[in-house]
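Chemist: what shape does this take:
(one chain, ligands or ions: 1)
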Amino acid sequence: MARTAEITRQTKETDITVKLNLDGTGEAKLDCPIGFLVHMLNTFARHGLFDLEVKARGDLEVDQHHLVEDIGIVLGQCFAKALGDKRGIRRTGSCLFPMDETLARAAVDISGRAYLVFDPQLSGIPLVSAGPVSGASSFQIDTVEDFWQGFSNAAGLTFHLDILRGRSDHHKIEALFKAAARAMREACEYDKRSLDLIPSTKGVLA
Ligand SMILES: [Mn+2]
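Modeler: Model (predicted):
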């Protein structure tokens, strides 16, 4: 059975559609006005081998918080929907991902309980791309936590995301997305030894 989901979420702040295939090849079609977030979602799809489509618009005249957080929420909702009752999956996954001077660690448990522990060691200073130092041409790095909080809440999972060392904020955020993708890929994959079982002694993961 295909493990896919498509969810549209519209609020007064954002309008987001996400399509997800857990058993994909890492193809991403991303239509989102925040360039750095497109870079991160692309790397998440590739390293997770998830097929991912995102169409996202939001109130960037306010700031980037609503749009980044809400994309995390809808992506998390898609994982929850595509995983269904979670029968046969590994449930947990982890990854240490080095990126030059930076080392990121991700550990996930698709437990049905939402919990995020987040220690990204970021400076808080926005990343700047070509153009003015505001609006969509820079990236508010404090929203990375909001993204993963929204994702963890909506997907119903426990995520520990940490930077163990590093200098560049770009590397730290990117290594976190790569580690998170690899951990999610492992947790979502089928365990061939227990395909018929829900991986909990309670018999339910909700
Ligand atoms: Mn990069």
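
Chemist: helices along this structure, start to end?
Modeler: 35-48, 65-83, 143-155, 169-188 (DSSP state H).

Chemist: so the first one versus helix 169-188, what angle?
Modeler: Interaxial angle of helix 35-48 relative to helix 169-188 (axes from the mean of the first three to the mean of the last three Cα atoms, to 10 degrees): 40 degrees.

Chemist: can you tell me the average pLDDT over helix 35-48?
Modeler: Here helix 35-48 scores 97 as its mean pLDDT.

Chemist: returning to that earlier point: among the helices of the chain, which is nearest Ser94?
Modeler: Ser94 lies closest to helix 169-188 among these, at 5.3 Å (Cβ to Cβ). (C-beta placed from N, C-alpha, C; glycine too.)

Chemist: helices or strands up against the closest one?
Modeler: With contacts defined as 3 or more Cβ pairs under 8 Å, 6 or more residues apart in numbering; DSSP states H and E, the packing partners of helix 169-188 are helix 35-48, helix 65-83, strand 92-99, strand 102-109, helix 143-155, strand 158-165.

Chemist: so which elements touch the fourth one?
Modeler: It stands for strand 102-109. For strand 102-109, the packing partners by 3+ Cβ pairs under 8 Å, 6+ apart are strand 92-99, strand 158-165, helix 169-188.

Chemist: can you put the ones you listed in TSV and add mean neighbour count and distance to Val18?
Modeler: Formatted as TSV, these follow (neighbours: other Cβ atoms under 10 Å; distance: least, Cβ to Cβ, whole Å):
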stretch	mean neighbour count	distance to Val18
strand 92-99	18	20
strand 158-165	18	18
helix 169-188	23	14
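
Chemist: quick one: closest of those to Ser111.
Modeler: strand 158-165 (5.4 Å).

Chemist: that closest one: partners in the sheet, and parallel or antiparallel?
Modeler: Strand pairing for strand 158-165, using DSSP bridges, gives strand 102-109 (antiparallel), strand 115-119 (parallel).

Chemist: follow-up on the earlier one: export the helices and strands packed on strand 102-109 to a markdown table and append columns for mean pLDDT and distance to Ile110.
Modeler: Output for the helices and strands packed on strand 102-109, formatted as a markdown table (pLDDT from 0 to 100; distance: least, Cβ to Cβ, whole Å):
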| stretch | mean pLDDT | distance to Ile110 |
| --- | --- | --- |
| strand 92-99 | 98 | 7 |
| strand 158-165 | 98 | 8 |
| helix 169-188 | 98 | 5 |
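
Chemist: brilliant, that's me finished.
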